[in-house]
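got a sequence here, can you build the structure:
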Amino acid sequence: MHNAFHASLLTPYRPDTKLKRRSPPLPPVSLTDGSVEYEVDKILRSRTRRGRTQYLVSWKGYSDTKNQWISAADLHSPALLRAFLSRGKA
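Purely as a prediction, here's the structure:
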């Protein structure tokens, strides 16, 4: 037995056009000082790394594959942070 197959069994790749169509992600928010910031949709988890608290955030308009751990100092969503901490998941 050989781990090969006949070329007649191959077919060209055609992307599936019926897959979930998503609207393009929302653009980042531009701040008055010229910096750019993305909007946090929700805070999912927290952890401590090297003595610093980090939060796993979901970005508004982006899929879960773009979730990211960010430091508490970089989290500029005080209302979401209060809601997360009040749920007792810290």
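
what ranges do the helices span in this protein?
For the chain, the helices defined by DSSP state H occupy 78-86.

show me where it has strands.
Secondary structure of the chain (DSSP state E): strands located at 29-30, 36-37, 40-49, 52-59, 68-71.

and these as TSV, adding mean pLDDT, distance to Pro15 and mean neighbour count?
C-betas here are computed from N, CA, C, even on glycine. What follows is the strands of the chain, written out as TSV (pLDDT from 0 to 100; distance: least, C-beta to C-beta, whole Å; neighbours: other C-beta atoms under 10 Å):
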stretch	mean pLDDT	distance to Pro15	mean neighbour count
strand 29-30	68	32	11
strand 36-37	78	31	10
strand 40-49	93	28	14
strand 52-59	93	26	17
strand 68-71	93	28	13
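
among the ones you listed, which comes closest to Arg87?
strand 40-49 (9.3 Å; C-beta to C-beta).

direction included, what does the closest one pair up with?
Using DSSP bridges, strand 40-49 pairs in its sheet with strand 52-59 (antiparallel).

what's the offset of the strand it pairs with from the middle of its chain?
Mean-position distance between strand 52-59 and its chain equals 11 Å (C-alpha atoms, centre = their mean, to the nearest Å).

what angle sits between it and helix 78-86?
Angle, strand 52-59 to helix 78-86, by axes from the mean of the first three to the mean of the last three C-alpha atoms, to 10 degrees: 110 degrees.

which residues does strand 52-59 contact?
Applying C-beta atoms under 8 Å, 6 or more residues apart in numbering, the contact partners of strand 52-59 are 38-48, 64, 66-72, 75, 81, 84, 90.
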